[in-house]
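Trainee: coords please:
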Amino acid sequence: MTLSRTHEQAGEETHARARPRVTTNRVVVWLLVALSAQFLLLGVVEAWKDSPTFDEGYYVSGGVTALTRHQLRLTPEHGVLAKVLGALPALAAQPVVPAGTSWREGNQNGYYYDFLFAQQHAHKLWSVFFLARLGSLAEGLALGWALYALGSALFGRPAGVIAAAAWFTTPFSLAFSHIVGSDLPFALAVVLSGLALQRWAARQTVGRLVVLGLSCVALLLTRFTGLALVPVFAFGVVVLADDARLRRRLTMGAAVLAMAWVGVWVVLRAVSPFPHYRHAPGFIGAVREAGFTRWARVIPWPKEYAAGIQETGRLANTSTDTLLFGRHGVGARWLYWPGAMVVKLPASAMLLVAAALLCWFVAARSARARMACAVVLPLIVLIVATVPYGRPSLRYLLAAIVLLFVLGAGALARALQWKVGRVAVGVLALVQLVMLWSATPHSLAWTAPPFQPGYHFIGDTSDWGQDFYRLKHWAAGKNAMVEYFGPPLSVPGVRPFFGADPRDVRGWVAVSASWLTYQAFTPSPAPSWLRAYCPVGTIGGSILVYRFRAPPDTQKGPVAPARACPGSYSHRVDRHRVATGHDAPK
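Mentor: Residues are numbered from 1 along each chain as shown. Here you go, the predicted structure:
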C-alpha cells in the first residue's frame, strides 16, 4: 500500500513537472502562429497594393516560360528555382505567354517588355503578379519557422523564438517577402542547409545526409553564390562526422558535392527536357568575366546553368553608383554594407545583429562545432563573396542577416535568465512591432528613424518601382510631368519630364527617387538641379512630387534630394544646408 502511494505520488510529481513545459510549448506555438498570421496579413496587403517592381518582370516571365514552353532562355543569371517558385502560383491566372522575335532570339530585355505589355493588354497584370507574390509570402513564412528550428537546435527554444520573431517583425523582411526575387528563396535555402547539417550531425544517417544534399541543390538553383557555399557544408560533414576514418569522412563530404551537382542536372532537365538554348547577353556581353566564375565553369554543367554562371561573372565586374547618408560612392565599398544595415534595419534588429559577436561564448561546448559549421562558416563565406560586389544592395546580404539573427538570438536568450534581461527583450520586441506597423504599407521604401526620408539617405534599396498604381491614381487630371523608374508601364495623361525644356517646367512634377539617387551619376537624363528643390510630398515614399510656380533655377544641385518642405510649391534650398541635412529657402 505504501509502495503504491509512493508510485502515485511520483507520477503526480512527474506530471506536475511536465505540465509547465507543455504549457510553455503551447505558448511558443501560439506566439509564432500569431506572428506568422500578422506577417501574412501585412504581406498580403502590400502584395495587393504594390505594383510590379523592376526585377519581378524578369523572374515571373522567365519562370512562366520555363513552366509552359519548357525552355530556360531568359535571365540565366537568376536562379532557376527562384524563377519557377515565383511563377508557379501565377499560372492560376492563366498569363499570356507571348512569342515573337524576342523569344526566338532569347532576348530577355525585349521579352520582358513583351510579357508585361501582354498582361496589361489582357487586364491580367495585377492578378499575375499578386498570385506570384503569394508564393513569396509562403517562402517568408517558411523562413521564419526554419529560423526557429535552427535557433532552437543550436541554443535552445528561447533563442529559436527570438530569431523567428525578429524575422517576422522586421520591415526589411516583409519588404522582400511580398515581392518575387531570388534573395528570399536563397536565404531560405541557406537556413535549411544549416538546419540539415545540424540535424545530420545530431544523428548521422544516410537519409539525413540525402536531405542535406537536396538542400545544397536548392542553394545552387536559387543563386550562384551557392557555388561557394556548397563546399562549406560538405566540409562541415567532414568535420562533424563521427567516423574516425578520414577516408570515410571525405567520402561523405564528396557525396554531398556529388548530390548537389547531379541535382542541378536533374532539375534543369526536368524543367527543360529538350533544350533549344538561345540567349542574347545584352549590354554586359562585352564585360570581362570574373575569375571565380571562369573556374566554376570548368565543371560540366548544363549549358543554361553555365551561361548563368558566366553572366553572373560579368555582372560582378560591373559597378553602379550608390548613395548612403547623403554621400555619393561608386562600386564596392566595405563600409556601405554596415551603413546600409543601420539605415534599413530597426535599432532593435541592429542590437540583435551586434549580439551575434557573443555567440561563441554563450553556446554550449558540445554545440560549438555544429554552430561553426552550420552558421558561422557559411556566414563568413556569404560576407566575403558579397561585400566586394560592384553593384551593392543590402538585399544581397539577406541570407547573412538571417544567420546573424540566429547567432544574436543565441546570445540574447541567455539574458532571459535575469529579470533585467527579460525586460530588455520585451522592450526590443515592442520596438520591433512598432517599427513593423509604421512601415506598413510601404515596407520597401521604409528606413529606420532617424534616417528619414529614406530617399535622402540611401539609394536603390528603397525604390523598385512599387508605386506605379499609386502614381496613376495621383496623376489623374493633373497634366503632370512624370518620370517613373520601374517596369516599362505608361501613365496615361502625363507629359515626359526628361528632355523637357526647363523653361516649360511648371505645375506638377513627379520623379522616382531612383532617378535622382541610385542612377543620378550614370549616363541618364536626370537633371541634378531637381535635387536642389524640395518636394511638396511623396507617393509611397519612392516617388518625389514637386510643384513649380515658375521655371526652375537650373544650376547644378547637391548629391542627395532635399527633404520635403511645407507649403504648396517647391523652392530651391541652400546647397550647404542641404549637405548638412537642414533645408531652408534660398
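Trainee: do you know how far residue 220 is from residue 189?
Mentor: Remark: distance between residue 220 and residue 189 (Cβ to Cβ, to the nearest Å) = 9 Å. Quick note: C-beta positions are derived from backbone N, CA and C, even for glycine.
Trainee: Kindly report the same for residue 147.
Mentor: Distance of residue 147 to residue 189, computed by Cβ to Cβ: 13 Å.
Trainee: what are the ranges of the strands in this structure?
Mentor: 321-324, 327-330, 481-483, 495-496, 507-512, 537-539, 543-548 (DSSP state E).
Trainee: who's more crowded, residue 220 and residue 189?
Mentor: Ranked by neighbour count (other Cβ atoms under 10 Å), residue 220 and residue 189 place residue 189 first, with 29 against 24.
Trainee: contacting residues for the more buried one?
Mentor: Going by Cβ atoms under 8 Å, 6 or more residues apart in numbering, residue 189 touches 215, 218, 219, 222, 226.
Trainee: hmm, try it at 10 Å
Mentor: Contacts for residue 189 (Cβ atoms under 10 Å, 6 or more residues apart in numbering) come out as 79, 81-82, 139, 143, 146, 182, 215-223, 226, 229, 399.
Trainee: Identify the residue nearest it in space, chain neighbours excluded?
Mentor: Counting by Cβ to Cβ, 6 or more residues apart in numbering, residue 189 lies nearest to residue 218, which is 4.0 Å off, once chain neighbours are set aside.
Trainee: Pretty sure residue 139 is one of the things the one you found touches, is it not?
Mentor: No. Between residue 218 and residue 139 there is no contact under Cβ atoms under 10 Å: 11.2 Å.
Trainee: any residues in contact with both of these two?
Mentor: Shared contacts of residue 218 and residue 139, counting by Cβ under 10 Å, 6+ apart, come down to 82, 85, 185, 188, 189.
Trainee: what's the burial count for the second one?
Mentor: Put plainly, it is residue 85. Using other Cβ under 10 Å, residue 85 has 25 neighbouring residues.
Trainee: My read is that it contacts residue 91, right?
Mentor: No. If you go by Cβ under 10 Å, residue 85 and residue 91 don't touch, sitting 11.8 Å apart.
Trainee: and the protein, what are its domains?
Mentor: For the chain, the structural domains run 27-280+287-439, 467-579, going by automatic domain parsing.
Trainee: Just confirm residue 490 contacts residue 484, I think it does.
Mentor: Yes. Between residue 490 and residue 484 there is a contact under Cβ under 10 Å: 8.6 Å.
Trainee: Look at these two and report which has more neighbours.
Mentor: Neighbours were counted for residue 490 and for residue 484 using other Cβ under 10 Å; residue 484 has more, 27 against 12.
Trainee: That one contacts residue 544, correct?
Mentor: No. Using Cβ under 10 Å, residue 484 makes no contact with residue 544, being 11.4 Å away.
Trainee: related to what we said a few turns ago, closest one to residue 460 among the domains of the chain?
Mentor: domain 467-579 (4.2 Å; Cβ to Cβ).
Trainee: sorry, back to before: and for residue 490 and residue 484, which residues touch both?
Mentor: Common neighbours of residue 490 and residue 484 (criterion: Cβ under 10 Å, 6+ apart): 468, 472.
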